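K.L.:
model the structure of this input:
(2 chains)
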Amino acid sequence: MKRVVISGVGAVSAMGNDVSSLVKGIEEGRSAVHYMEGWNQYTGLRSLVGAPAELINKKAIPRKNRRSMGRMSIFAVQATEQALADAGIKHDELASGRIGCIIGSTMGSAESLNETFEIMLPQKDLTQLSSMKFFQCVSHTAAMNVSQCLGITGCVLATSAACASALHAVNVGYDLIRLGKQDAVLCGGAEELHPTVTGSFDVLFATSSNYNDNPHKTPRPFDRDRDGLVCGEGSGILVIEEYERALKRNAKIYAEILGYHTCGSGVHVSQPDKNSIVLCLKEALASAKVSSKEVDYINAHATATIQGDREEAKAIKEVLGDLIPVSSLKGYIGHTLGASGSLELIVSLAMMEKGIIYPTLNLDNVSPDCQGINHVMQAVSKDISIMVKNCFAFGGINSVLVCKKLK
Amino acid sequence: MKQEITENDIIAMTNQVFEESFEIETEKLQPKMNIFEDLGLDSLDIVDLIVALQQKFGVKIRNDERARDIRTLEDVYRFILSLKNEEH
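P.N.:
Predicted coordinates for the structure are as follows:
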C-alpha cells in the first residue's frame, strides 16, 4: 500500500475567503455567527442565526463554467484553486487522469433547489425552468462543477453523507491513492447556508434558538447551556497525494494520513449512538496502527446538540480517556455540515503546524453530561504529532480520520 | 390600451437578454452575429435563451419548431417580431 500525505489546503468560510483568514479568526477567538435578517418571515423557524460566507469574485470563473454552479460550487471552485496553488500543482496536470476530485455535500445548492420549486410548483409549469437548475441541484454538483471547471479527468466522486461528507471524501481519496488508482486527489466538502437548511434541523429541534439576540454566544459545544447547532457554509478542499510523489516535488507536507474508519450506527436516523462512535474511534485507531495513548489532539464533531455532544464525549472518554485535549470549532464558524470535516481538518492542520490548540468557543461551563474528557477552554501550546478528526452525520453515519505530522 | 411593441423595442429587449443572461458585451450585439460561432452560445444556452425570451416578451416558444432555425441575432429579432405580429 502506498503512503498518503496532505500537501495543499484551501478554504472559504464565514471567517473569510482563504485559509489564513479562517485560522486568524479562530486564533483571535472571533465568532462568525450572525443574526440572519429576513429569516423571521418563515413561520415556525425558531433558529434565526447562521454563519454566512461572502460570495466574492464569482466572475473570475468563466460564464460557461459558472452557469451550472450554485453558491456552494463557486465556494468549492475557489477553495480548490487555493488548494492547488498551495500544493504547487499546475492546472495542466489535472488532465492526466491521475488526479481525482472528490467533494461531498449534504445535497445540491439549497438556493437553486428553492428557486427551482418556486418556478415550477405554483403553476406546475416546467416551461420557465433554466437548463442549469439540474446541474446546480444535483448531489454531485460541487464535484462535477469543480472537475469540469478545472478540466480534471481522474476519478470524480461525490460523497453525500450530510455532516460526514467531507471526511468521507478524504477517506475515499486516501484509499484511491493507497491502492495506486490515483496519484493525487482534491477532496473535501461544500455547503450552503439557507433558511430551508437550518429549517430542516429546526423541525427536529436540533438547532440553537435561545441566542437569536446574542448570536456570538452560540453554538456552545459541550457547554451546560448549549441548545443546538448553528448552520454555516463554505468549502474546505485538501490536496492529498501519494507520499513519494510529494517528496519528489519537494511539496510542503502538512501531515500523513494514517488511517480512518467509517460505520453506520444501525440504531436510529437522528439519535447519536455512543457505541457506534466507540467502534468507529477504535477501528480508526487500529487502521492507523496508533494506540489511544499516542493521540495528541482530538478535533471533535461536537455541534452543540444536547444528545450529540453527550454521546461523543462519552465515546471519547471510553476510547481515548481523560487526558487528550479535545476541542470543537463549531462555535467559530457554525456547523458547515458537508464542509465541516475538511474545513475543521484544515484548521487542525494549522494547529499541528503552529503547535497550539484552539479552544472550544463558548464553552464556559462544561455540561455535567460531557465531563470526563480534557476540554480545551483556553488556547494551549502543545506539540501535536498525531490527531484524530471526528465527524458524525444524521443517518447514523460515523467517520473518524487519523493524521500524523511528519518530522 | 396596450402599447404596441416596436421593432426597435424588440432589438433592445433581445439585446438586453444577451447582455444579462449570457454576459455578452454590447458592442458584440450586431444583427449578423452568429449566436453560436460569434457569441459563443451552446445547446444548453439555447434552452435558457428561450426561457429568457419567453419571460421578456410574454410569448411561448419552447415547442415552436421555428426556433430551431435561429442562427443569427437578426433571426432572433425576426422570430420575436413574427410572434408578436401573430398576436394581432
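K.L.:
tally of neighbours for A:Arg226?
P.N.:
Neighbourhood size, A:Arg226 [other Cβ atoms under 10 Å in any protein chain shown]: 28. (Each C-beta comes from the backbone N, C-alpha and C, glycine too.)
K.L.:
wait, it touches A:Val366, no?
P.N.:
No. A:Arg226 is beyond contact range of A:Val366, at 10.5 Å (criterion: Cβ atoms under 8 Å).
K.L.:
shared neighbours, the two?
P.N.:
Common contact partners of A:Arg226 and A:Val366 (Cβ atoms under 8 Å, 6 or more residues apart in numbering or on different chains): none.
K.L.:
how about the residue lying closest to A:Arg66 once chain neighbours are set aside, phi and psi?
P.N.:
Excluding its sequence neighbours, the residue lying closest to A:Arg66 (Cβ to Cβ, 6 or more residues apart in numbering or on different chains) is A:Lys58, at 6.4 Å. Main-chain torsions, A:Lys58, degrees, to the nearest 10: phi -70, psi -30.
K.L.:
so for A:Lys58, what's the pLDDT?
P.N.:
Predicted confidence (pLDDT) at A:Lys58: the value is 97.
K.L.:
ok, now which ones touch whichever residue of chain B sits closest to chain A?
P.N.:
With Cβ to the nearest Cβ, the shortest gap between chain B and chain A falls at B:Val47, namely 3.7 Å. Contacts for B:Val47 (Cβ under 8 Å, 6+ apart) come out as A:130-131.
K.L.:
tell me the spacing between it and A:Ser130.
P.N.:
Distance from B:Val47 to A:Ser130, counting by Cβ to Cβ, to the nearest Å: 7 Å.
K.L.:
count of neighbours near the residue nearest to A:Arg66?
P.N.:
A:Lys58 is flanked by 13 other residues according to other Cβ under 10 Å.
K.L.:
does it touch A:Ile74 like I think?
P.N.:
Yes. Counting by Cβ under 8 Å, A:Lys58 does reach A:Ile74; the two are 5.2 Å apart.
K.L.:
mutual contacts of those two, please.
P.N.:
Counting by Cβ under 8 Å, 6+ apart, the contacts common to A:Lys58 and A:Ile74 are A:Arg66.
K.L.:
right, and the helix or strand after the helix or strand where B:Ala52 lies?
P.N.:
Secondary-structure assignment from DSSP states H and E places B:Ala52 in helix B:43-57. Once the chain leaves helix B:43-57, the next helix or strand it forms, by DSSP H and E, is helix B:73-86.
K.L.:
so which residues of the stretch 301-407 of chain A form helices?
P.N.:
Using DSSP state H, counting those that start in this stretch, the helices of the stretch 301-407 of chain A run over A:306-320, A:330-333, A:340-354.
K.L.:
now the first one, how far from the centre of its chain.
P.N.:
Offset of helix A:306-320 from its chain centre (Cα atoms, centre = their mean, to the nearest Å): 19 Å.
K.L.:
the second one now?
P.N.:
Taking the mean of its C-alpha atoms, helix A:330-333 sits 12 Å from the chain's own mean (Cα atoms, centre = their mean).
K.L.:
give me the buried positions along it.
P.N.:
Buried residues in helix A:330-333, counting neighbours by 16 or more other Cβ atoms under 10 Å in any protein chain shown, are found at A:330-333.
K.L.:
would you check which pair of the residues you listed lies furthest apart?
P.N.:
In these, two members sit farther apart than any others by Cβ to Cβ. They are A:Gly331 and A:Ile333, at 8.3 Å.
K.L.:
ok, now which ones touch the nearest residue to B:Ile10 once chain neighbours are set aside?
P.N.:
Distances taken as Cβ to Cβ, 6+ apart place B:Ile80 nearest to B:Ile10, at 5.1 Å, with adjacent residues excluded. Taking Cβ under 8 Å, 6+ apart, we find B:Ile80 in contact with B:10, B:14, B:53, B:57, B:59.
K.L.:
and what of A:Asn212?
P.N.:
Contacts for A:Asn212 (Cβ under 8 Å, 6+ apart) come out as A:35, A:47-49.
K.L.:
tell me which two of those residues sit farthest apart.
P.N.:
Among the contacts of A:Asn212, A:Tyr35 and A:Ser47 lie farthest apart (Cβ to Cβ), at 10.6 Å.
K.L.:
which of those two has more residues huddled nearby?
P.N.:
Per other Cβ under 10 Å, whichever of A:Tyr35 and A:Ser47 has more neighbours is A:Ser47, with 26 against 15.
K.L.:
correct me if wrong: that one contacts A:Thr207.
P.N.:
Yes. Applying Cβ under 8 Å, one finds A:Ser47 in contact with A:Thr207, separated by 3.6 Å.
K.L.:
shared neighbours of those two, anything?
P.N.:
Residues touching both A:Ser47 and A:Thr207 by Cβ under 8 Å, 6+ apart: A:198, A:201, A:228, A:230.
K.L.:
looking at the first one now. What's its pLDDT?
P.N.:
Going back to what we said before, that points to A:Thr198. We have a pLDDT of 98 for A:Thr198.
K.L.:
now the element after the strand or helix carrying A:Leu167, going C-ward?
P.N.:
Using DSSP H and E, A:Leu167 sits in helix A:165-178. Once the chain leaves helix A:165-178, the next helix or strand it forms, by DSSP H and E, is strand A:184-191.
K.L.:
and that next one, which strands flank it?
P.N.:
According to DSSP bridges, strand A:184-191 forms sheet pairs with strand A:99-104 (parallel), strand A:234-242 (antiparallel).
K.L.:
appreciated, that's everything.
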